[in-house]
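J.: the sequence isn't on hand, but the structure is:
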C-alpha cells in the first residue's frame with residue numbers, strides 16, 4: 001500500500017546564526033517547481049518536526065498554532081492535513097524534513113487524516129531516503145577530492161620556489 005496525498009516536499013534545514021532555515025529542494029504535486037526558504041518562526045510544521053526531532057501529524061493545519069499559512073496564500077494552495085517526518089544523518093542530527101500534504105482515501109478519493117501507520121511507513125521511507133541522500137553527498141565529495149588531487153598531480157609546483165615549498169607537504173598529505 002502507498003500513501004495517497006496531493007503534495008510531498010523535501011526540505012533541507014540549516015541553522016544560520018542560531019535561526020532555523022528551511023529550503024525546499026524537491027516537491028511533487030505541483031504544476032511547476034516552487035522553491036522557497038523560510039526561517040525562524042515561519043518554518044511552521046516542518047520546522048516544528050525539525051526542532052522536536054520527531055514526526056508530526058496534523059489533521060487540520062489551520063487549527064495548529066505552528067502552521068504558517070503564508071506559502072498557501074502565496075501559491076493559492078489550501079493545506080488541510082500534514083505529515084512531517086524529520087530526516088537524520090549518520091550522526092543522528094536532523095538535516096531535513098519530508099512533508100506530505102492532504103491525504104486522500106485511496107478508495108474514495110476523499111480527504112482523510114494521516115494515520116499512525118502512515119507515520120510509521122514514512123519513518124521507514126525517510127530513513128532509507130536519508131541514507132541514500134547522505135551516500136550521494138559523500139560520493140560527490142569524494143569525486144570532488146579526487147578531482148582536486150588529480151589536478152595537484154598534473155600541475156606540480158616548482159619546489160625551488162617559496163610557494164612550491166609551502167604546498168608540497170600539503171599535496172603529499174592529500175595524495176597519501
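T.: Nice, I can see it. Because the structure is a prediction, the values reported are computed rather than measured.
J.: can you show me the strands along the chain?
T.: With strands called from DSSP state E, the chain shows them at 5-16, 19-28, 37-39, 56-58, 82-88, 94-103.
J.: what packs against the lengthiest helix in the chain?
T.: Counting by DSSP state H, the longest helix found in the chain is helix 116-154. On a contact count with 3 or more Cβ pairs under 8 Å, 6 or more residues apart in numbering; DSSP states H and E, helix 116-154 meets strand 56-58, strand 82-88, strand 94-103, helix 162-175. Bear in mind the C-beta positions are built from the backbone N, C-alpha and C, glycine included.
J.: what angle do that helix and strand 82-88 make?
T.: Angle, helix 116-154 to strand 82-88, by axes from the mean of the first three to the mean of the last three Cα atoms, to 10 degrees: 40 degrees.
J.: please compute how far helix 116-154 lies from its chain's middle.
T.: Its chain's average C-alpha position is 12 Å from that of helix 116-154, according to Cα atoms, centre = their mean, to the nearest Å.
J.: tell me which residues of that helix come out buried.
T.: Buried residues in helix 116-154, counting neighbours by 16 or more other Cβ atoms under 10 Å, are found at 118-119, 121-122, 126, 129-130, 133-134, 152.
J.: closest to residue 87 out of the residues you listed?
T.: Comparing the buried residues of helix 116-154 against residue 87 with Cβ to Cβ places residue 130 closest, at 4.2 Å.
J.: so what's that closest one closest to, chain neighbours aside?
T.: Sequence neighbours aside, residue 87 is the residue nearest to residue 130 in space, at 4.2 Å (criterion: Cβ to Cβ, 6 or more residues apart in numbering).
J.: ok, the one you found touching residue 122?
T.: No: using Cβ atoms under 8 Å, residue 87 is not in contact with residue 122; the gap is 10.6 Å.
J.: who touches both of these two?
T.: The contact sets of residue 87 and residue 122 overlap at residue 98 (Cβ atoms under 8 Å, 6 or more residues apart in numbering).
J.: rewinding a little: contact partners for the residue nearest to residue 130?
T.: The neighbours of residue 87, taking Cβ under 8 Å, 6+ apart as the test, are 10, 94-98, 126, 129-130, 133.
J.: and it, bridged to which residues?
T.: When assigned by DSSP bridges, residue 87 has beta-bridge partners residue 96.
J.: next, work out how far apart it and residue 53 are.
T.: 11 Å (Cβ to Cβ, to the nearest Å).
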